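S.K.: no sequence for this one, just the structure:
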């Protein structure tokens, strides 16, 4: 594929002369001729546009090969992301706090138990302090009981003092157990992390890929807030329902393309590759069968319930006829004519060419006349070149 990046601004007189010839051959200002009157394949020198080498290297202009092949038929159908039970995990907090550290982004693969978030929580600091005080009181109560036990052996204390000391030990132990239970219920240890007693580290509950992140550094967190969503590799599946009559044309292992539906503002324009994993033989009441797709990594469309548009290639007919095909994006309209920009060899020179087009198949279009197999046409940057043509067009 050839690319370029900045139109040459030299030789304006030659470019203007080229445009005059182009418009004389490719258009008729008085009327647009009928399709059977179009002179397809017209190439009038010097009706060319020259681009600088810098433009060619930037990727703003790209070409593709004109090929003769059997058209690939496609089927478009709605799909929905599904996850099996146990294949999805949430990283959330059971305490209020402020996010002091983040260690994960959408698309990252994480391990079970991996540290993703650090919170600073005053409530946790207070709870740990209470647990520490209870632990100190218990230690002191045990020391008192031990000394009284020694005195009892010498006959120097009463049984009532021993009973009172035992009660203090049991009370202190119950207080400590209560605080430790509260900390354990929050998934915390009694001792704080090295940074601070108020630190709370949140970890991934499963091994998988982060598909959603709501955490913001410095942001506040309330109990029950979801900060990350993680799914396992097995959860990356899309279910598609296709007509029963087309099921035999879908092959397991074939590559497909999935894209967020137009009304999905959160994933507008995002598309991902996928592979046909399974085609069920079960026909439902609507006379459709289910196709299961496995999404590739990384892909940010792994949200349970998300609606997608799926493009599935269908098996070609055995007696398919080869056609001359180009991407539909290669064709621009100039004064009612269908025109492409053809690269001259490997040079940064592109000539205009009028075409007679046939039917459109998916994102490809059949060329009835005007191009030859093996030529290269611009597929990306056509608007840029058309703009240059119109810019240099003489004003009457």
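M.R.: Great, that's in hand. Note that the structure is predicted; figures quoted are calculated from it, not measured. Numbers count the residues shown, from 1 in each chain.
S.K.: could you say what helices and strands the longest helix seen in the chain packs with?
M.R.: Among the segments of the chain that qualify as a helix by DSSP state H, the longest is helix 122-153. Helices and strands touching helix 122-153, by 3 or more Cβ pairs under 8 Å, 6 or more residues apart in numbering; DSSP states H and E, are strand 97-102, helix 159-185. Where C-beta positions appear, they are placed from N, C-alpha and C, glycine not excepted.
S.K.: quick one, which of the ones you listed gets closest to residue 126.
M.R.: Smallest distance to residue 126 across those (Cβ to Cβ): 10.3 Å, for helix 159-185.
S.K.: average pLDDT across whichever helix or strand comes after the closest one?
M.R.: Using DSSP states H and E, the helix or strand that follows helix 159-185 towards the C-terminus is strand 199-203. For strand 199-203, the mean pLDDT works out to 90.
S.K.: what angle separates strand 199-203 from helix 122-153?
M.R.: On the basis of axes from the mean of the first three to the mean of the last three Cα atoms, to 10 degrees, strand 199-203 is oriented at 110 degrees to helix 122-153.
S.K.: for the following helix or strand past strand 199-203, packing partners?
M.R.: Remark: after strand 199-203, the chain's next helix or strand is strand 208-213, criterion DSSP H and E. Strand 208-213 is packed against strand 109-110, strand 226-231, with contacts defined by 3+ Cβ pairs under 8 Å, 6+ apart.
S.K.: what's the most buried one of those strands?
M.R.: strand 226-231 (a mean of 22; mean count of other Cβ atoms under 10 Å).
S.K.: which strands and helices sit next to that one?
M.R.: Against strand 226-231 (3+ Cβ pairs under 8 Å, 6+ apart) you get strand 88-92, strand 115-120, strand 208-213.
S.K.: do that again at 10 Å, thanks
M.R.: Counting contacts by 3 or more Cβ pairs under 10 Å, 6 or more residues apart in numbering; DSSP states H and E, strand 226-231 packs against strand 88-92, strand 97-102, strand 109-110, strand 115-120, strand 208-213.
S.K.: residue 201 is nearest to which of those strands?
M.R.: strand 115-120 (5.3 Å).
S.K.: flag every buried residue along that closest one.
M.R.: Neighbour counts over strand 115-120 (16 or more other Cβ atoms under 10 Å) mark 116, 117, 118, 119, 120 as buried.
S.K.: and the furthest pair within those residues?
M.R.: Taking Cβ to Cβ as the measure, the buried residues of strand 115-120 span a maximum distance of 15.3 Å, between 116 and 120.
S.K.: rewinding a little: and the longest helix of the chain, average pLDDT?
M.R.: Taken as a whole, helix 122-153 has an average pLDDT of 90.
S.K.: list the buried residues of that helix.
M.R.: By neighbour count on 16+ other Cβ under 10 Å, the buried set for helix 122-153 is 124-125, 127-128, 130-132, 134-135, 137-138, 141, 145, 148.
S.K.: now flag whichever of those is closest to residue 63.
M.R.: The nearest member of the buried residues of helix 122-153 to residue 63, counting by Cβ to Cβ, is residue 124 at 61.0 Å.
S.K.: my guess is that closest one meets residue 221, correct?
M.R.: No - applying Cβ atoms under 10 Å, one finds residue 124 not in contact with residue 221, separated by 11.8 Å.
S.K.: okay, now residue 380: neighbour count?
M.R.: Using other Cβ atoms under 10 Å, residue 380 is surrounded by 17 other residues.
S.K.: that one and residue 128, how far apart?
M.R.: Distance, residue 380 to residue 128, using Cβ to Cβ, to the nearest Å: 59 Å.
S.K.: same question for residue 168.
M.R.: For residue 168, the distance to residue 128 equals 23 Å [Cβ to Cβ].
S.K.: sorry, back to before: list residues touching both of residue 124 and residue 221?
M.R.: Counting by Cβ atoms under 10 Å, 6 or more residues apart in numbering, the common neighbours of residue 124 and residue 221 are 94, 95, 96, 97, 200.
S.K.: give me the local confidence score for the fourth one.
M.R.: It refers to residue 97. 93.
S.K.: return the set of buried residues in the helix or strand containing residue 273.
M.R.: Using DSSP H and E, residue 273 sits in strand 271-279. With burial defined by 16+ other Cβ under 10 Å, the residues of strand 271-279 counted as buried are 272, 274, 276, 279.
S.K.: of the residues you listed, just say which sits nearest to residue 159.
M.R.: residue 272 (77.3 Å).
S.K.: by contact count, what packs against the host helix or strand of residue 54?
M.R.: Using DSSP H and E, residue 54 sits in helix 53-58. Judged by 3+ Cβ pairs under 10 Å, 6+ apart, helix 53-58 is in contact with strand 3-4, strand 61-65.
S.K.: winner for burial among these?
M.R.: Greatest average neighbour count among these goes to strand 3-4 (a mean of 22), per mean count of other Cβ under 10 Å.
S.K.: about what we covered before: and the helices and strands packed on helix 53-58, which one is worst for confidence?
M.R.: Lowest mean pLDDT of these: strand 3-4, a mean of 38.
S.K.: and the closest residue to residue 344 other than its chain neighbours, how many neighbours?
M.R.: Nearest non-adjacent residue to residue 344, counting by Cβ to Cβ, 6 or more residues apart in numbering: residue 351, 6.0 Å away. Residue 351 has 18 neighbouring residues, counting by other Cβ under 10 Å.
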